[in-house]
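Enquirer: after the sequence you'll find the predicted model.
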Amino acid sequence: MVGSAICRQLQERADVELITRTRKELDLCDQTAVQEFMKSEKPDEVILAAAKVGGIYANNTYPAEFIYQNLQIQNNVIDAAHVNDVQKLLFLGSSCIYPRQAKQPMREDSLLSGMLEPTNEPYAIAKIAGIKLCESYNRQYGSDYRSVMPTNLYGPGDNYHPENSHVVPALIRRFHDAVVNNLDEVVVWGSGTPKRELLYVDDMASASLFVHKLDRKVFEAHTQPMLSHINVGTGTELTIKELAETIKAVVGFKGKLIFDLTKPDGAPRKLMDVSLLSKLGWGATTEIELGLQISYTDFKSAGRHA
């Protein structure tokens, strides 16, 4: 999703030659294939947005896949970039890297300061390893490998599976199906009280390219060799209940909301401290209502509900 958004923005630039591969064309878990790709294409810069992602249900059900595949993808791409003399790389992580009880809003320096959220710990550990891999290559080899940590993303191209997806696409799918099937109620996992920060995917793409292109001296002046990742978010939050009610209105569902207390809530709150990125000169621009409307239009036009 975010990789597609980054590609859309880069395609508008005349000074960029994009080199991309689909999942079918290049298995990033295949070390030999990734090394051969880097050797043959010889990119000047790499943006690593690929990952195995999913919501609470998927993370709880497939923890081995989440940690193994994400570690494989990161290790293969970052090392192949280094071996083939790529000096500039951007790694996209996740807000899941921060401790479950991290002080809110979560600053970059809260990394590794406490226990992780159990429901997605394997995924989070993989993403932390990706940050540290980039920092270690920088320290040992003088590379310019940077990391950005997005908050919860949503937008066109999302995975709308009713169980395995993240909260926004899952709710869009459930409310849409309820309208189509004339249902009287929609079930939302958990209590509805946890708070979430949501960032529209095109804003994330913009922020990623902003950080990627920052002058190296400016970047290094605002980060540390072993604390170099930068948070990306909106700095605002809403409860799951508020989110569900907003999506309900966007989709046009008229029935009741039922909160299933037997299902896990996940982290009670996840708000990013985005003061560093704001200080550097970037801020999100897409309001949540507009972003959700665009997302629902994409969902319907792409036939993702079929």
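Expert: Here it is on my side, so go on. Numbers count the residues shown, from 1 in each chain.

Enquirer: only the buried residues of stretch 227-244, if you could.
Expert: Neighbour counts over stretch 227-244 (16 or more other CB atoms under 10 Å) mark 228-235, 237, 240-241, 243-244 as buried. For every residue, glycine as well, the C-beta is placed using N, CA and C.

Enquirer: count the neighbours of Lys213 for me.
Expert: Lys213: 11 surrounding residues under other CB atoms under 10 Å.

Enquirer: and the buried residues of stretch 227-244, which is closest to Asp184?
Expert: Asp184 lies nearest to Ala244 out of the buried residues of stretch 227-244, by CB to CB, at 15.6 Å.

Enquirer: roughly how far is stretch 76-92 from the heart of the chain?
Expert: Stretch 76-92 has its C-alpha centroid displaced from the chain centroid by 19 Å (CA atoms, centre = their mean, to the nearest Å).

Enquirer: same question for stretch 147-167.
Expert: Chain-centre distance of stretch 147-167: 7 Å, with CA atoms, centre = their mean.

Enquirer: which parts of it are buried?
Expert: Quick answer for stretch 147-167 (16+ other CB under 10 Å): 147-161, 164-167.

Enquirer: distance between the ends of it?
Expert: 24 Å (CA to CA, to the nearest Å).

Enquirer: check stretch 76-92 too.
Expert: Using CA to CA, one end of stretch 76-92 lies 15 Å from the other.

Enquirer: contacts for that stretch, please.
Expert: 2, 28-31, 34-35, 37-39, 42-51, 74, 130-131, 133-134, 137, 141, 143-148, 150, 208, 211-212 (CB atoms under 8 Å, 6 or more residues apart in numbering).

Enquirer: can you check stretch 272-292 too?
Expert: With CB under 8 Å, 6+ apart, stretch 272-292 has contacts from 95, 105-108, 149, 151, 154-155, 168, 172, 197-200, 202-203, 206-207, 210-211, 214, 218, 222, 230-235, 238, 246-247, 250.

Enquirer: try it again at 7 Å.
Expert: Applying CB atoms under 7 Å, 6 or more residues apart in numbering, the external contacts of stretch 272-292 come out as 95, 105-108, 151, 154-155, 197-200, 202-203, 207, 210, 214, 222, 230-235, 246-247, 250.

Enquirer: before we move on, back to that, pull out the buried residues from the contacts of stretch 76-92.
Expert: For those, buried by 16+ other CB under 10 Å: 2, 28-29, 34-35, 37-38, 43, 46-51, 74, 130-131, 133-134, 137, 143-148, 150, 208, 211-212.

Enquirer: in strands, which of those appear?
Expert: Val46, Ile47, Leu48, Asp144, Tyr145, Arg146, Ser147, Val148, Pro150 (DSSP state E).

Enquirer: against Trp189, how distant is the third one?
Expert: So that's Leu48. The gap separating Leu48 from Trp189 is 30 Å, by CB to CB, to the nearest Å.

Enquirer: and the helices in the chain, which stretches?
Expert: Taking DSSP state H, the helices of the chain run over residues 2-11, 31-41, 56-61, 63-83, 121-141, 167-180, 201-212, 216-221, 240-251, 275-280, 288-301.

Enquirer: only the C-alpha atoms, please, for the third one, written as CSV.
Expert: These are the backbone C-alpha positions of helix 56-61, laid out as CSV (Å, rounded to 0.1, in the frame of the first residue of the first chain):
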residue,chain,number,x,y,z
ILE,A,56,-4.5,-8.3,15.8
TYR,A,57,-6.1,-11.6,14.6
ALA,A,58,-3.4,-12.2,11.9
ASN,A,59,-0.5,-11.4,14.3
ASN,A,60,-1.9,-13.7,17.0
THR,A,61,-2.6,-16.5,14.5
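
Enquirer: now do stretch 98-105: distance to the chain's middle.
Expert: The chain centre lies 17 Å from the centre of stretch 98-105; the measure is CA atoms, centre = their mean.

Enquirer: can you give me the first-to-last residue distance of that stretch?
Expert: Start-to-end, stretch 98-105 (CA to CA) is 11 Å.

Enquirer: could you list the buried residues of it?
Expert: By 16+ other CB under 10 Å, the buried positions in stretch 98-105 come out as Tyr98, Pro99, Arg100, Ala102, Gln104, Pro105.

Enquirer: so which pair among those is furthest apart in space?
Expert: Longest distance between any two of those is 14.7 Å, between Arg100 and Pro105; criterion CB to CB.

Enquirer: picking that back up, least reliable of the helices of the chain by average pLDDT, please.
Expert: Sorting those by mean pLDDT places helix 56-61 lowest, at a mean of 87.
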